[in-house]
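> Provided below are the primary sequence and the corresponding predicted coordinates.
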Amino acid sequence: MSESLNTVLLFLPLIVIVWLANQAERRRGDGSAAIWHRLTYGIVVGFYAIVLLVGLLLMLGTTIGTIPLLEDFVSSLSLRAESGLPVDRIIQSLPVIGFGISFAAVMGILFLWRPVRRILARLLPIDADSPVHAVALSFTMLIVLNMMVILAIGLDTLTEVVVQQAAEGALDDVSPAMLGGLWVQQGLMALWALIGVGWLSRRPLGETLARLGIERPSLRDVAVGIGAGFSAVLVSMIVSGVATGLGVGVDPDVQGLNEVLLGPLLGSAAGILTIGFAAALGEETLFRGALQPRFGIFFTTLLFAITHNQYGLSLSTVVVFAAGLIFAWLRYRYNTVAAMLAHATYNITLGLLALLALRLLENTQV
């Protein structure tokens with residue numbers, strides 16, 4: 001329950017900000033629009049200013065002990081050094097982490113500046129004067145920020161931390177709470193998309209769903225979506241096979257991290273179905289439904305790929321990008337529901353294949 005509550009508290013400010021941006025959008029052209037603009041942009045800039053301050057402190061903290069704000073953080077890490085956590089490596093990566101989050105913070109602020117958006121409007125189908133598009137662009141830096149932190153820490157270090165947490169029982173086997181937490185996370189992502197495109201501010205629900213490409217699926221949508229999902233599985237296998245033939249195999253750190261994070265879910269039917277349908281609901285509503293019509297297929301798919309930051313920049317990231325292109329094409333050619341069905345089919349099929357491989361391995365070891 002606490003994890004779900006933390007997820008709600010994480011998404012709530014983001015949802016409020018996009019609602020405020022839509023209020024500013026709704027009032028474009030009248031006298032009150034400036035107030036909503038300043039309020040929305042002020043909150044976003046304030047958030048990124050705090051992130052930038054933290055980043056600069058980390059960058060300047062080569063002698064960490066001289067910075068009081070970081071002293072307690074490092075001490076808390078050091079207390080756990082005896083438990084096997086790679087504390088020294090984490091501390092050494094702090095300046096690099098600082099650079100990454102500082103860069104993301106600066107870009108997040110710059111995207112709120114209209115001249116920058118006018119340049120980007122030559123590449124992306126956005127309205128440079130839209131506060132909604134400005135905030136959406138700014139929020140893409142949250143995805144970049146997460147990825148840069150992961151890269152700075154290193155997948156090998158992150159894997160050790162997660163394995164240690166699993167050994168301590170912090171990551172339990174699949175449970176209703178874990179499954180519920182995934183549904184809460186993906187449901188909030190879908191809600192973020194709904195409110196982001198204007199629900200509860202400037203669009204009724206029916207118009208909002210139409211903007212997101214969510215409609216009652218036809219038999220054609222179902223057939224195409226499921227067929228495309230199986231095709232995405234085939235494409236992922238081909239990409240993996242070609243890469244392996246070229247000497248680029250699956251990163252062992254990625255494999256180990258996935259075994260710890262997803263292993264419990266892939267060991268049960270409920271877990272596999274949750275990975276399939278929950279991700280299809282949240283990720284497709286946000287990326288293909290809300291973002292793709294404004295950011296285009298390539299940029300949206302790139303954001304979708306790096307959102308899966310547990311893969312770092314690896315072969316698995318390329319595979320996710322390739323699958324994302326298929327989902328993006330479905331959104332462009334048909335609708336978001338077809339993309340949802342393809343995403344669900346893709347995840348469930350890969351989950352079943354992983355479960356089958358695990359069962360075969362167990363039988364051969366008996």
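Okay, I see it.
> When you work out contacts or count neighbours from here on, use the C-alpha atoms and nothing else.
Fine.
> what about the protein, any weak spots by pLDDT?
In the predicted model, the chain carries pLDDT under 70 at residues 1, 61-87, 163-175, 249, 261, 263, 361-363, 365-366.
> and the longest helix for it?
Longest helix in the chain by number of residues (criterion: DSSP state H): helix 336-365.
> Buried residues in that helix, which are they?
For helix 336-365, a neighbour-count test (16 or more other Cα atoms under 10 Å) marks 336-352, 354-355 as buried.
> now swap in stretch 292-300 and tell me
292-297, 300.
> elements contacting the longest helix of the chain?
Applying 3 or more Cα pairs under 8 Å, 6 or more residues apart in numbering; DSSP states H and E, one finds that helix 336-365 contacts helix 219-245, helix 252-266, helix 269-283, helix 315-333.
> closest one to R27 among those helices?
helix 269-283 (28.7 Å; Cα to Cα).
> what comes up buried for that closest one?
271-283.
> Out of those residues, which comes closest to V96?
Nearest to V96 among the buried residues of helix 269-283, counting by Cα to Cα, is E283 at 29.1 Å.
> quick one: contacts for that closest one?
186, 189-190 (Cα atoms under 8 Å, 6 or more residues apart in numbering).
> go again using 7 Å as the cut-off
186, 189 (Cα atoms under 7 Å, 6 or more residues apart in numbering).
> I90 against I153, yeah?
Yes. I90 is in contact with I153 according to Cα atoms under 7 Å; the separation is 6.2 Å.
> can you give me the angle the longest helix of the chain makes with helix 269-283?
Between helix 336-365 and helix 269-283, the angle comes out at 150 degrees (axes from the mean of the first three to the mean of the last three Cα atoms, to 10 degrees).
> got the angle for helix 336-365 vs helix 252-266?
Between helix 336-365 and helix 252-266, the angle formed by their directions is 100 degrees, by the same axes, to 10 degrees.
> Distance from helix 336-365 to the middle of the chain?
With Cα atoms, centre = their mean, to the nearest Å as the basis, helix 336-365 stands 21 Å off its chain's centre.
> Out of the buried residues of stretch 292-300, flag the one nearest to N22.
Among those, and counting by Cα to Cα, the member closest to N22 is R294, at 15.1 Å.
> SS state for that closest one?
Here R294 is recorded as helix under DSSP: H, G, I helix; E, B strand; the rest coil.
> tell me the contacts of it?
124-126.
> Spatially central residue for this structure, please.
T307 (3.3 Å; Cα atoms, centre = their mean).
> From N309, how far off is the spatially closest residue to that residue that is not a sequence neighbour?
Sequence neighbours aside, I143 is the residue nearest to T307 in space, at 5.9 Å (criterion: Cα to Cα, 6 or more residues apart in numbering). Per Cα to Cα, to the nearest Å, I143 is found 9 Å from N309.
> of these two, who's got more company?
Each of I143 and N309 has its neighbours counted (other Cα atoms under 10 Å); N309 has more, 20 against 17.
> Fine by me, we can end here.
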